[in-house]
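1. quick one, what's the 3D model for this:
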Amino acid sequence: MKKFIGIWLIILGIMDFTNLCAQQINYNKKDSISFLGKDSLTALVFYNDNLFLASEYFKLDTNLIGVQKYDQTNRFTNSFSTSSNIGLPHKSLLFDDAFVNVFNIGEKYQKQYFFALDNIPNYILKVPYSEIKYVMGKKDENYLSFTLANQISKGFFFGADINVESAIGSFINQYSKNNHFRTIIKANSKDGKYEIKFNYLKNHLKWGENGGLDNDFYYEDTTKLDRRIINVKLSNASNLINSNKINVTQNYSFKNENHNFGGLFLDADYSSSYRIYSDANDVSNYYNNSFIDSTNSFDSIAVRDFKSFFGWKRVSDSTGFSFQSGIQFSYNQFYNGEKLFVFNYFSPLIKVRFNSEKVEINAFGALNILQSFNRVEYNNGKTEAAVNFIRRFGKDFKITLEQKYYSGETEFMNLHYFSNHFIWNNNFLKQVNLLSSGSIYLKGFLIEGKLQNMNNYIYFDDSIHAKQFNGAINIYRLGIYKEFRFKKIGANLMATYQKVDNNTILRLPELISKTSVFYNFGMFDGALQLSPGIDISYLSSYYADGYNPAAMVFFVQNEKKIDNQIYVDLYLDFKIKRAKVFFMYKNINMLFGKYNYYMIAHYPQPDAGLKFGLSWRFYN
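-> Take a look at the predicted model:
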């Protein structure tokens, strides 16, 4: 707790300093705050799109709805299987990822917490903006988030983001201690033709790996209320991921008052990451083999890469034609636990966008030509392509069609891996993935369909070995999203049906649904806004994946089929000026009936408990 108090004091000090700096700037009235309601700001939020040139801009959300959805793995529009409390590995239950991150070391299973360039917000604003979020729950669960964005002068912007997730967990060796940091500095020349942007991202994640329950009976027997006395498979194991990324982007525009010729860009990116699995007292029978040491494990894999992307870019304002074309060079090093592999990528790449009032078309294509210094057997290069078509019929009606294509290698760790418990050297065919999707949006109602065709799919079996299915697998998905509003009563509904035509190697729940019902009202002439509500989530029965800590992979298992799952949360959200507060009783369903709540085999979900959260925004 002392650590969190110290972090709060540091953050408040930073806010005071930046606000003092901002007060020295002489904004004219046109550049100051413009209120869009009682509590809105002239500020836009957008996220970097790694695939297309398009970026969707949002106004800062000032309403109260959904403030209790602080955990990135439990938002209304996503669904993840989690191993329990915040900060632990997770996997999406909605399978729609066509592209492959070749040099993954396990961070994809911490994706929702991991800071990356495409999942951190960017801001366009006129006055300083900062926000603090803090949540506390049972078993010392703590979540802290801090955002600072400040347009210090017309040509200089500074921003920072900090996230901390930690908990000790209900069961033995279930802790998480994750820290994330990002800073951004952006500067422009006086004439606006030259821009340089610097990003630094740091992720440090450490969590206990208990391997799941030794015997599920002692959890499912409701007389055993003290979770700390239930045996787990691993009591000393842990995983650690440390990642650093530096990105520098430079743009020089030849645009003038009459013509938009575009300009040159240079994007340089350096990153270094490693993962360490350790077990200081590795004497359990959880693993079948110990190739290096029978009592201690200390396994590491690492990746380091440098990317340089140079070319020509033309971006239209709101409508018109935009494109980006250039050459990307990548230098990659991958350490598999025994040997260092070195690769060069040479990649012609193009992005095109056409946007009008009614029609928008986006296209992307890249051909990665690979050269390896190690002469390792590895499929030469990959091809990526995507196209997106949007047709607008007024403000409340939109049709979207999209297609993605990937042909290339699997993750390198699936081919060559060396550790205390697992050693493999595989030679797989290229994977070919085709994802087709379409959606219709009409007045708050969204229906979408997806079809994913995967050839030469790679998965892990229950012996924790990578296998390739030499054939095609199809995944069909239909999703419905709807917002209902009637006076002070509101409801949000999400329902997804998905079907896999080969469920022996890929298992997903057929039906996932989420419902949120709430009642909004004000008191004291609107100074206090309240919103009590209930969240209900449903997951149909299926053979959920197992999870292996040492390899940090999810695998197909046939031992345990999880029952239909229903999770119920009761909450009270309220807002006083710019402060949002919530009280939530999480998983109240666990107070009744049998304990049989799993999303990963042998990893129970958290027990019922009260949570408190606070979010406070500051402007200027």
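2. now the helices for this structure?
-> 2-23, 217-220 (DSSP state H).
3. other SSEs contacting the shortest one?
-> In terms of contacts (3 or more Cβ pairs under 8 Å, 6 or more residues apart in numbering; DSSP states H and E), helix 217-220 is not packed against any helix or strand. (C-beta placed from N, C-alpha, C; glycine too.)
4. out of everything not next to it in sequence, what's closest to the residue sitting nearest the centre point of the chain?
-> The residue at the geometric middle of the chain, judged as the C-alpha nearest the mean C-alpha position with Cα atoms, centre = their mean, is Q112 (2.9 Å). Distances taken as Cβ to Cβ, 6 or more residues apart in numbering place Q72 nearest to Q112, at 3.8 Å, with adjacent residues excluded.
5. state the distance from that neighbour to N101.
-> Here the distance between Q72 and N101 works out to 18 Å (Cβ to Cβ, to the nearest Å).
6. which ones are touching I65?
-> Neighbouring residues of I65 by Cβ atoms under 8 Å, 6 or more residues apart in numbering: 490, 492, 518, 520, 531, 573.
7. residues in contact with the last one?
-> Listed by Cβ under 8 Å, 6+ apart, the contact partners of D573 are 64-65, 67-68, 518, 530-533, 580-582.
8. higher neighbour count, Q72 and N101?
-> The neighbour count for Q72 versus N101, taken as other Cβ atoms under 10 Å, is higher for Q72 (18 against 11).
9. thought the more buried one was touching F115?
-> No: under the contact definition of Cβ atoms under 8 Å, Q72 does not touch F115, with a separation of 11.1 Å.
10. mind listing what's buried in stretch 204-217?
-> Buried residues in stretch 204-217, counting neighbours by 16 or more other Cβ atoms under 10 Å, are found at 205-214, 216.
11. summarise which helices and strands the lengthiest strand in the chain is packed against.
-> Looking only at the chain and at elements set by DSSP state E, the strand with the highest residue count is strand 466-486. Strand 466-486 makes packing contacts with strand 445-460, strand 489-500 when contacts are defined by 3+ Cβ pairs under 8 Å, 6+ apart.
12. gap between the longest one and the chain center?
-> Right, strand 445-460. In terms of Cα atoms, centre = their mean, to the nearest Å, the gap separating the centre of strand 445-460 from the centre of its chain is 19 Å.
13. the closest residue to A302 other than its chain neighbours: neighbour count?
-> Spatially, and ignoring its direct neighbours in sequence, A302 is nearest to Y274 (3.8 Å; Cβ to Cβ, 6+ apart). Counted with other Cβ under 10 Å, the burial measure for Y274 works out to 16 neighbours.
14. right, and Y274 touches F334 too?
-> No: under the criterion of Cβ under 8 Å, Y274 is not in contact with F334, lying 10.9 Å apart.
15. common neighbours of these two, please.
-> With contacts defined as Cβ under 8 Å, 6+ apart, the residues adjacent to both Y274 and F334 are 301-303.
16. between these, which is nearest K138?
-> Using Cβ to Cβ, I301 is the member of the shared contacts of Y274 and F334 that sits closest to K138, with 33.8 Å.
17. quick one: the strands in the stretch 201-350 of the chain?
-> Defined through DSSP state E, counting those that start in this stretch, the strands belonging to the stretch 201-350 of the chain, from first to last, are 237-253, 263-279, 297-314, 320-335, 340-355.
18. turn those into CSV, columns for distance to N414.
-> What follows is the strands of the stretch 201-350 of the chain, written out as CSV (distance: least, Cβ to Cβ, whole Å):
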stretch, distance to N414
strand 237-253, 18
strand 263-279, 15
strand 297-314, 12
strand 320-335, 12
strand 340-355, 13
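19. quick one on the thing from earlier: okay if I get the helices and strands packed on strand 466-486 as JSON lines plus distance to Y287 and mean neighbour count?
-> Compiled in JSON lines, these are given as follows (distance: least, Cβ to Cβ, whole Å; neighbours: other Cβ atoms under 10 Å):
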{"stretch": "strand 445-460", "distance to Y287": "14", "mean neighbour count": "18"}
{"stretch": "strand 489-500", "distance to Y287": "29", "mean neighbour count": "17"}
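20. as TSV, these with distance to T82 would be great.
-> As requested, the helices and strands packed on strand 466-486 are exported to TSV (distance: least, Cβ to Cβ, whole Å):
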stretch	distance to T82
strand 445-460	19
strand 489-500	17
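21. okay, those strands in TSV with distance to Q174 and mean pLDDT next?
-> Supplementary listing: the helices and strands packed on strand 466-486 in TSV, determined by distance: least, Cβ to Cβ, whole Å; pLDDT from 0 to 100:
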stretch	distance to Q174	mean pLDDT
strand 445-460	23	95
strand 489-500	29	95
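22. can you tell me which of the ones you listed is nearest to T410?
-> For those, proximity to T410 was assessed by Cβ to Cβ; strand 445-460 is nearest, at 4.9 Å.
23. what's the neighbour count on K202?
-> Burial of K202 is recorded as 15 neighbouring residues (other Cβ under 10 Å).
24. on the pLDDT front, check N50 for me.
-> Note for N50: predicted pLDDT of 78.
25. could you find the closest non-adjacent residue to it?
-> Using Cβ to Cβ, 6+ apart and skipping the chain neighbours, the partner closest in space to N50 is D118 (4.9 Å).
26. picking that back up, could you export the strands of the stretch 201-350 of the chain as a markdown table, including mean pLDDT?
-> Shown next, in a markdown table, are the strands of the stretch 201-350 of the chain (pLDDT from 0 to 100):
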| stretch | mean pLDDT |
| --- | --- |
| strand 237-253 | 96 |
| strand 263-279 | 96 |
| strand 297-314 | 94 |
| strand 320-335 | 92 |
| strand 340-355 | 91 |
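27. which of these sits closest to F592?
-> Ranking the strands of the stretch 201-350 of the chain by proximity to F592 (Cβ to Cβ) places strand 237-253 first, at 33.7 Å.
28. sheet partners, orientation included, of the closest one?
-> Here strand 237-253 has these sheet partners by DSSP bridges: strand 194-208 (antiparallel), strand 263-279 (antiparallel).
29. adding distance to I423, write those out as JSON lines.
-> As requested, these are exported to JSON lines (distance: least, Cβ to Cβ, whole Å):
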{"stretch": "strand 194-208", "distance to I423": "24"}
{"stretch": "strand 263-279", "distance to I423": "14"}
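30. what's the burial count for the spatially closest residue to Y194 that is not a sequence neighbour?
-> On the basis of Cβ to Cβ, 6+ apart, the spatially nearest residue to Y194 that is not a chain neighbour turns out to be Y252, at 5.2 Å. Other residues near Y252 number 15, with proximity taken as other Cβ under 10 Å.
31. against N502, how distant is Y252?
-> 51 Å.
32. average pLDDT for the longest strand of the chain, rounded please.
-> Within the predicted structure, the mean pLDDT of strand 466-486 is 93.
33. using CSV, write out every CA atom in that strand.
-> Taking C-alpha atoms only, strand 466-486 is exported to CSV below (Å, rounded to 0.1, in the frame of the first residue of the first chain):
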residue,chain,number,x,y,z
ALA,A,466,3.3,-28.0,-31.5
LYS,A,467,1.3,-29.8,-34.2
GLN,A,468,0.2,-28.8,-37.7
PHE,A,469,-3.1,-29.7,-39.2
ASN,A,470,-2.5,-30.2,-42.9
GLY,A,471,-5.9,-29.1,-44.1
ALA,A,472,-8.4,-26.3,-43.8
ILE,A,473,-10.4,-25.2,-40.8
ASN,A,474,-13.4,-22.9,-41.0
ILE,A,475,-14.7,-20.7,-38.2
TYR,A,476,-18.2,-19.1,-38.6
ARG,A,477,-19.3,-16.3,-36.4
LEU,A,478,-22.3,-14.1,-36.0
GLY,A,479,-22.5,-11.3,-33.5
ILE,A,480,-25.3,-8.9,-32.4
TYR,A,481,-24.8,-5.7,-30.4
LYS,A,482,-27.6,-3.4,-29.4
GLU,A,483,-28.0,-0.3,-27.1
PHE,A,484,-31.5,0.3,-25.6
ARG,A,485,-32.5,3.5,-24.0
PHE,A,486,-35.9,4.4,-22.6
